[in-house]
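[1] next comes the sequence, and after it the predicted model I'd like to discuss.
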Amino acid sequence: MKRLKPLLLLSPLLVLVVIFFVIPVVLTIVIAFTDMDYSFVWNFVGFQNFKDISTDFIIPRVIANTFIYTFGTLGLFNLGTALLISLLTTSISDRWGNFFRTLWMLPRLTPSVVYGLLWLWMFDPTEYGLVNFLRGFFGLPPQDWLHSAPMWMVIFANGFIGASMGMLVFTAAIKSIPEDYYRAACIDGASWFMVVRRITLPLIKWHLLFVTAYQTLSLLASFEYILIITDGGPVYRTEVWALYTYHNAFSHFRFGYGAALSVILVIIGVVSALVYMKFFGFESLMEKPKVEVE
Amino acid sequence: MKLSFWQKNSEKIRNFVIILVLFLITSPILVGYVWLILRSFSEDLVNGFVPTKLTLKNWRFLWQEIKGYPNIWHTTLNTALLALGVMGVEVSITSLGGYALSRYDFPGRSSMMKFILALHAFPAISLMTAVFYLLWTLRLLDTLWGVILLKVSLEVPWGTWIMKGFYDGIPWELEWAGLVDGYSRFEVWRKILLPLVKPGIAVTAIFAFLSGWSEFVFVNTFIFSQNLWTLSKYVKGFIGDYRFADYGLVTAVGLFYMIPTIIFFFFVSKHMIKLTIGGVKG
């Protein structure tokens, strides 16, 4: 009984996780070996889907897009901008610092379709869009950004959301650095940049690494804002791996092929999860309960 | 010794420059939301941000039906049901699960916690093909419950972890005191611990509500009937149909959809940084 009770309390969690995590993982792998479509007929075709992937002429394009999207967003925003904001907001009074950090949380809380609308407006092809309106000031004609820079639209939209996670992690890390280090540097006459380079960055190295690892995986699997803003277009120019999976399954109803594409993401996910466990020492988070009452 | 103007005011100048830079990099966010509000209440905007004439015409979707779209209030009700469903189920599961992980020692505890954490790092969205098949098998396709359960199951692993943290913060002495006074373990949980983890429950509830309210991809994929549409699908359709024709209407419906977010933002923005520090993903 004593052993059963905690499991009883955890059972709703476990049941849901088994139904919507464990079973789908197994199902995805099995469906990947069929040519299932919306009629849900199980027709096993061996490795055909994987052979098709290797000869699919869109795949190289999709891989290139995924790479540019993931590392472009990661470098420019999820790490770059996040680090910049946390460094700047911790260098001024808390009142101003919190003001800016709170503003950066707003996109994350906004429903994705409304947030997507904001970026559609900014890059609107007519003179009503923000970027084209600004171009108008310099006498430049409006430009169709969806055709001239679709990947930038996608990176910007995702970046302004993605930056907030790094911002929170880095801010917490920077704030936990002892004040003495900065005072000492200040007495030695170090400039702001010097302090950042020699004190702050080395001390938050671990957090930088964690956010990089974590956000890479999140970006690899994310497609919601791309779906809303460009829907992978024009002509596959912003189609990333996760979105290609989605389109195959739910636009073309090629469930088998979609699942095969998913399997590759699933493998990346499992491997990354194992790597996290190894490197980020979660053991230390798992103190045992002190005393067992009852 | 005479100090120059720059030396005397170096601190102030430094702060000013930093705040200016922050305003610059934050400007797309500021500009976007200001536009959303101004545009929805005005006839047209000139020079980007100057409303020509204030009007409520853009909000007409509230009192008249737009052709091809379901009733807005019915859609809002669906959205609220979805959000409250996610919130209710998620809070119940995480407050039980967090308690078990925090207070009981049992075989497999450590590996279970690793497993829960690993799930959080897992790209669940890549499983959608299989989930579609599963929902179809369980007769949950094209139902709000299907989306609720799916959403909850993706969020409970992390939510349980957060709740565990809140339980961990409560001294054991309080429980012992309760047990000495003759409470059963269940009564201790209900009467002593539950009131003390209220802040944790509030955090979980708010974020669960907002995530259910905002859900787009699952609704878009697993809901077909118009009478089950939620606001995300409604607004997405609007953007597609009216963006070039009537930005006023689109911004108004977008702003309407954002109301819970705005309320939440105004009330807790001061504490939000603390609230979200552990609970973000993406």
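    Nice, thanks for sending it over.
[2] pick out the residue of the stretch 101-250 of chain A closest to chain B.
    A:A221 (2.9 Å; CB to the nearest CB). To be clear about C-beta, it is placed using only N, CA and C from the backbone, and glycine gets the same treatment.
[3] over to that residue: give its phi and psi.
    The phi/psi pair for A:A221 (degrees, to the nearest 10) reads phi -100, psi 0.
[4] would you enumerate the residues in contact with it?
    A:A242, A:L265, A:G269, B:P123, B:A124, B:I125, B:S126 (CB atoms under 8 Å, 6 or more residues apart in numbering or on different chains).
[5] so the residue lying closest to A:V211 once chain neighbours are set aside versus A:M153, what's the distance?
    Distances taken as CB to CB, 6 or more residues apart in numbering or on different chains place A:G166 nearest to A:V211, at 4.6 Å, with adjacent residues excluded. To A:M153, A:G166 is 21 Å away according to CB to CB, to the nearest Å.
[6] more neighbours: which of those two?
    In this view A:G166 and A:M153 are compared by other CB atoms under 10 Å in any protein chain shown, and A:G166 has more residues nearby, 28 against 22.
[7] which parts of chain B are helices?
    Secondary structure of chain B, counting by DSSP state H: helices at B:5-8, B:10-40, B:72-103, B:109-120, B:128-137, B:144-168, B:172-180, B:185-187, B:194-196, B:198-214, B:217-222, B:231-242, B:247-276.
[8] between those helices, which gets nearest to A:L7?
    A:L7 lies closest, by CB to CB, to one member of those: helix B:72-103, at 7.8 Å.
[9] tilt between that closest one and helix B:109-120?
    With axes from the mean of the first three to the mean of the last three CA atoms, to 10 degrees applied, the angle from helix B:72-103 to helix B:109-120 works out at 150 degrees.
[10] report the contact partners of the residue in the stretch 51-200 of chain B that chain A sits nearest to.
    The shortest separation between the stretch 51-200 of chain B and chain A is 2.9 Å, found at B:P123 (distances taken as CB to the nearest CB). Counting by CB under 8 Å, 6+ apart, B:P123 touches A:L217, A:S218, A:L220, A:A221, A:A242, A:L265, A:V266, A:I268, A:G269.
[11] what's the most distant pair in those residues?
    Of all pairs drawn from the contacts of B:P123, the one with the longest distance (CB to CB) is A:S218 and A:V266, at 14.9 Å.
[12] returning to that earlier point: how about the helices of chain B in TSV, adding mean neighbour count, mean pLDDT and distance to A:N49?
    Converted to TSV, the helices of chain B look like this (neighbours: other CB atoms under 10 Å in any protein chain shown; pLDDT from 0 to 100; distance: least, CB to CB, whole Å):
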stretch	mean neighbour count	mean pLDDT	distance to A:N49
helix B:5-8	9	74	67
helix B:10-40	15	91	41
helix B:72-103	21	93	34
helix B:109-120	17	80	26
helix B:128-137	22	91	12
helix B:144-168	22	90	25
helix B:172-180	13	85	54
helix B:185-187	13	83	51
helix B:194-196	12	88	50
helix B:198-214	21	91	33
helix B:217-222	20	93	21
helix B:231-242	22	90	30
helix B:247-276	18	82	39
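[13] dump those helices into a markdown table; add distance to chain A as well.
    A markdown table is the format used below for those (distance: least, CB to the nearest CB, whole Å):
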| stretch | distance to chain A |
| --- | --- |
| helix B:5-8 | 13 |
| helix B:10-40 | 4 |
| helix B:72-103 | 4 |
| helix B:109-120 | 4 |
| helix B:128-137 | 4 |
| helix B:144-168 | 4 |
| helix B:172-180 | 6 |
| helix B:185-187 | 6 |
| helix B:194-196 | 13 |
| helix B:198-214 | 4 |
| helix B:217-222 | 5 |
| helix B:231-242 | 5 |
| helix B:247-276 | 4 |
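[14] tabulate those (a markdown table), appending distance to A:I85.
    Supplementary listing: the helices of chain B in a markdown table, determined by distance: least, CB to CB, whole Å:
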| stretch | distance to A:I85 |
| --- | --- |
| helix B:5-8 | 26 |
| helix B:10-40 | 7 |
| helix B:72-103 | 30 |
| helix B:109-120 | 24 |
| helix B:128-137 | 33 |
| helix B:144-168 | 24 |
| helix B:172-180 | 40 |
| helix B:185-187 | 46 |
| helix B:194-196 | 34 |
| helix B:198-214 | 22 |
| helix B:217-222 | 28 |
| helix B:231-242 | 28 |
| helix B:247-276 | 12 |
